[in-house]
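> Using only what follows, build the 3D model:
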Amino acid sequence: MAVTLVPDKSIGSSFQVGSTIVTYTASDKSGNQAMCTINVTVFDNDTEDPVFINCPSDINKTTIMGENYNEVSWKDVVATDNIGVNIVNSTNKSGDNFTIGVTIVVYTAFDLAGNVAVCNFTVIITDNEDPVFLNCPSYMSMPTASGQASANVEWNIPTVSDNSGWYTLNQTHMLGDLFEIGKTVVIYNASDAYGNTAECAFIIEIYDDEPPVIINCPSFGIPIVLPNGEASVVVNWTDITASDNDASNPLVSCDPPDGSVFDIGTVLVSCTTMDNSNLNASCQFEVTVEGK
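This next block holds a predicted model:
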């Protein structure tokens, strides 16, 4: 009985590198069949590397607001090869989150012969977001310390938030510093590692609420007895001065002034002074002139 033998690949066919199963099917006129398989293995002498046909260019993006990263996507990376690409590996995937800085993404393609090709590109995530002060102090006003022209001042130290999670804080004055009478601007500067900055500034005003003190004001008055025949006399008294917590030593003015001519009778002398903060002090005493 005649038998027909049919292979799925004929002699002389082209085979890919690797193993291929060739099947022969034998059939008789009654429709009976039998099969035989042959394993054909082709060893490759290919030295041609795979080729990436769409390796992405470098990608630059900024961070998401308030975050230290951004999602980065790119088109599917495809490699071809004269005998077929076996596998493509990558260090990152399209759609991954990339943090601030530079990341090199590497794709590697292998063909069936073990030849290798590499595609790499750079993903740069830039931080353009300034730090944020959460509780910058407001205007502060306080009096001088007793007997001093200054005061030590404390405040709540400002806190800072930054999307990168890292910053430095510098200030013009330290907590508890001594501040003189007047207005002083206190400045805090926050800087992150990427050159973004923020400033917190507030004013501290130290005011003088302590009036000057008059010294040597005659507390019991000045009694004068005229020589016989005299109707008036020049009266002098010990210098009346003033001291003040601002160390200005303000001048004292008396009415009538020291060295005035006083007639017989009693005259009330009023002395006043004013410091640099327009705070006043005064004293009074009597000059009494009597005749013999």
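> correct me, but F262 touches E286?
No. Between F262 and E286 there is no contact under Cβ atoms under 8 Å: 10.5 Å. Where C-beta positions appear, they are placed from N, C-alpha and C, glycine not excepted.
> Between these two, tell me which one has more neighbours.
F262 (19 against 13; other Cβ atoms under 10 Å).
> Just the buried positions in the helix or strand hosting the more buried one, please.
Per DSSP states H and E, F262 falls inside strand 260-263. By neighbour count on 16 or more other Cβ atoms under 10 Å, the buried set for strand 260-263 is F262.
> Packing partners of it?
The contact analysis (3 or more Cβ pairs under 8 Å, 6 or more residues apart in numbering; DSSP states H and E) places strand 260-263 against strand 232-235, strand 280-290.
> Same list (those) but as TSV, adding distance to I204 and mean pLDDT.
Listed next are the helices and strands packed on strand 260-263 as TSV, based on distance: least, Cβ to Cβ, whole Å; pLDDT from 0 to 100:
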stretch	distance to I204	mean pLDDT
strand 232-235	48	94
strand 280-290	26	96
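> quick revisit: each with direction, which strands does the strand holding F262 pair with?
strand 232-235 (antiparallel) (DSSP bridges).
> Okay, and the beta partners of the residue sitting nearest the centre point of the chain?
In the chain, the residue lying closest to the centroid (Cα atoms, centre = their mean) is A190, at 3.0 Å. Beta-bridge partners for A190, by DSSP bridges, are L169, A198.
> from what I can see it touches A198, true?
Yes. Between A190 and A198 there is a contact at 4.8 Å, judged by Cβ under 8 Å.
> any common contacting residues for the two?
Residues touching both A190 and A198 by Cβ atoms under 8 Å, 6 or more residues apart in numbering: 131, 133, 160.
> In a markdown table, list those along with secondary structure.
Shown next, in a markdown table, are these (DSSP: H, G, I helix; E, B strand; the rest coil):
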| residue | secondary structure |
| --- | --- |
| P131 | coil |
| F133 | strand |
| V160 | strand |
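> Identify, from the residues you listed, the entry nearest to T63.
Taking Cβ to Cβ as the measure, T63 lies nearest P131 of those, at 13.2 Å.
> Who are the contact partners of that closest one?
160-162, 167, 190-192, 196-198.
> Could you rerun that using 6 Å?
By Cβ atoms under 6 Å, 6 or more residues apart in numbering, the contact list for P131 reads 160, 162, 167, 190, 192, 198.
> rewinding a little: quick one, which of the helices and strands packed on strand 260-263 is nearest to A113?
Here strand 280-290 is closest among these (Cβ to Cβ), at 102.9 Å.
> Pull up the pairing partners for the closest one, direction included.
Counting by DSSP bridges, strand 280-290 is paired with strand 222-225 (parallel), strand 265-274 (antiparallel).
> got those strands as a markdown table, with distance to A117 columns?
A markdown table is the format used below for the strands paired with strand 280-290 (distance: least, Cβ to Cβ, whole Å):
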| stretch | distance to A117 |
| --- | --- |
| strand 222-225 | 112 |
| strand 265-274 | 90 |
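> For burial, what's the neighbour tally of V235?
A total of 17 residues lie near V235 under the criterion other Cβ under 10 Å.
> Distance of it relative to P250?
For V235, the distance to P250 equals 24 Å [Cβ to Cβ, to the nearest Å].
> Nearest approach to I83 belongs to which of the helices and strands packed on strand 260-263?
Closest among the helices and strands packed on strand 260-263, using Cβ to Cβ: strand 280-290, at 104.1 Å.
> Tell me the buried residues in that closest one?
For strand 280-290, by 16+ other Cβ under 10 Å, it's 281-283, 285, 287, 289.
> Not counting its own residues, what contacts that strand?
Against strand 280-290 from outside (Cβ under 6 Å, 6+ apart): 211-212, 214, 217-218, 221-225, 235, 262, 264, 266-274.
> still on that earlier bit, adding distance to Y139, write the helices and strands packed on strand 260-263 out as JSON lines.
Formatted as JSON lines, those follow (distance: least, Cβ to Cβ, whole Å):
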{"stretch": "strand 232-235", "distance to Y139": "51"}
{"stretch": "strand 280-290", "distance to Y139": "27"}
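> For the closest residue to D46 other than its chain neighbours, give its distance to D81.
With sequence-adjacent residues excluded and distances taken as Cβ to Cβ, 6 or more residues apart in numbering, D46 is closest to A113, at 4.1 Å. A113 is 9 Å from D81, where distance means Cβ to Cβ.
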